[in-house]
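Trainee: sequence and computational prediction follow.
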Amino acid sequence: MEEFDKYKSIGTPAEGIYKESGSRFLAFAYPVETEEEAKALLQEKRKEYYDARHHCLAFRIGYKGDVWRASDDGEPSGSAGKPILGQIDSAGLSDVAVIVVRYFGGVKLGIPGLVRAYKTATADALSKAEVITKTAAKHFEVEFDYLQMNAVMKVLKGMDIAPVKQEFAGNCSLTVRVRLSQEAFFKEKLENIANLKEV
């Protein structure tokens, strides 16, 4: 396996906290593989901490880290999302989302104070996370009819690939995570199965 196929992420969720002038910044770091997962976690935190003033999010996804977002959620521009993302990048991580929930303490911290607070809360959460090494991979969704089930499962078993998501109502569909080093071989194997299509 080539070294460039490896990248760092976190294995389990972790939490951090920072307090200043009555304000509390609660940081939650999560392993994620899609933007949808990150957004769903943000919605959960909005419900759980409904009385907080800000729910700021940053994430970096993919083995190249080329899918990312940083949201200030009402804080001054660049004072929340960017410092959170900066900490993810400083730690050299991808497939990570961090949400920082802020309870306002009545004293304005100013932009330098906010940057420090979001940065420190994020760093605290990430320092408690278990760092893991992941193998670069791509997600594929394949559709096939029921008669092809055995052939598809045989390919997956032979390549030691477990489905990420599966649906067997009407037409069958599977989402699988395939290592980059196996991508060409995987596609070649699928081409030999009739009536199968990659979505």
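Mentor: Done, it's in.
Trainee: partners of Val142 in the sheet?
Mentor: Val142 has these beta-bridge partners by DSSP bridges: Leu174, Glu198.
Trainee: point out where the chain drops to low pLDDT.
Mentor: Along the chain, segments meeting pLDDT under 70 span 1-4, 194-199.
Trainee: so what's the most centrally placed residue in it up against?
Mentor: Nearest to the mean C-alpha position of the chain, counting by Cα atoms, centre = their mean, stands Val32 at 2.3 Å. Going by Cβ atoms under 8 Å, 6 or more residues apart in numbering, Val32 touches 38, 41, 59, 61, 95-97. C-beta here means a position set from N, CA and C on the backbone, and glycine is covered the same way.
Trainee: longest helix in the chain, please.
Mentor: What stands out as the longest helix in the chain, according to DSSP state H, is helix 110-128.
Trainee: which SSE is immediately downstream of that one?
Mentor: Following helix 110-128 in sequence order, the next helix or strand is strand 131-135 (DSSP states H and E).
Trainee: can you give the domain ranges for the chain?
Mentor: For the chain, automatic domain parsing gives the domain ranges 3-134, 137-198.
Trainee: just name the most buried of the ones you listed.
Mentor: Highest mean neighbour count among the domains of the chain (mean count of other Cβ atoms under 10 Å): domain 3-134, with a mean of 18.
Trainee: next one: it to chain centre, how far?
Mentor: 11 Å (Cα atoms, centre = their mean, to the nearest Å).
Trainee: show me what the helix or strand harbouring Asn150 is packed up against.
Mentor: Secondary structure assigned from DSSP H and E places Asn150 in helix 149-158. If you count contacts as 3 or more Cβ pairs under 8 Å, 6 or more residues apart in numbering; DSSP states H and E, helix 149-158 packs onto strand 172-179, helix 183-191.
Trainee: report the angle between the next helix or strand after that helix and helix 149-158.
Mentor: Using DSSP H and E, the helix or strand that follows helix 149-158 in sequence is strand 163-167. With axes from the mean of the first three to the mean of the last three Cα atoms, to 10 degrees defining the directions, strand 163-167 sits at 170 degrees from helix 149-158.
Trainee: quick one: strands adjacent to strand 163-167?
Mentor: Counting by DSSP bridges, strand 163-167 is paired with strand 172-179 (antiparallel).
Trainee: and the angle for the partner strand with helix 183-191?
Mentor: 160 degrees.
Trainee: then strand 172-179 to PDB, C-alphas only?
Mentor: Provided in PDB are the C-alpha atoms of strand 172-179 (Å, rounded to 0.1, in the frame of the first residue of the first chain):
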ATOM      1  CA  CYS A 172     -31.300  -3.700  -4.900                       C
ATOM      2  CA  SER A 173     -28.800  -1.000  -4.100                       C
ATOM      3  CA  LEU A 174     -25.600  -1.000  -2.100                       C
ATOM      4  CA  THR A 175     -23.200   1.700  -1.100                       C
ATOM      5  CA  VAL A 176     -19.600   0.500  -0.600                       C
ATOM      6  CA  ARG A 177     -16.300   2.000   0.400                       C
ATOM      7  CA  VAL A 178     -13.600   0.900  -1.900                       C
ATOM      8  CA  ARG A 179      -9.800   1.500  -1.300                       C
END
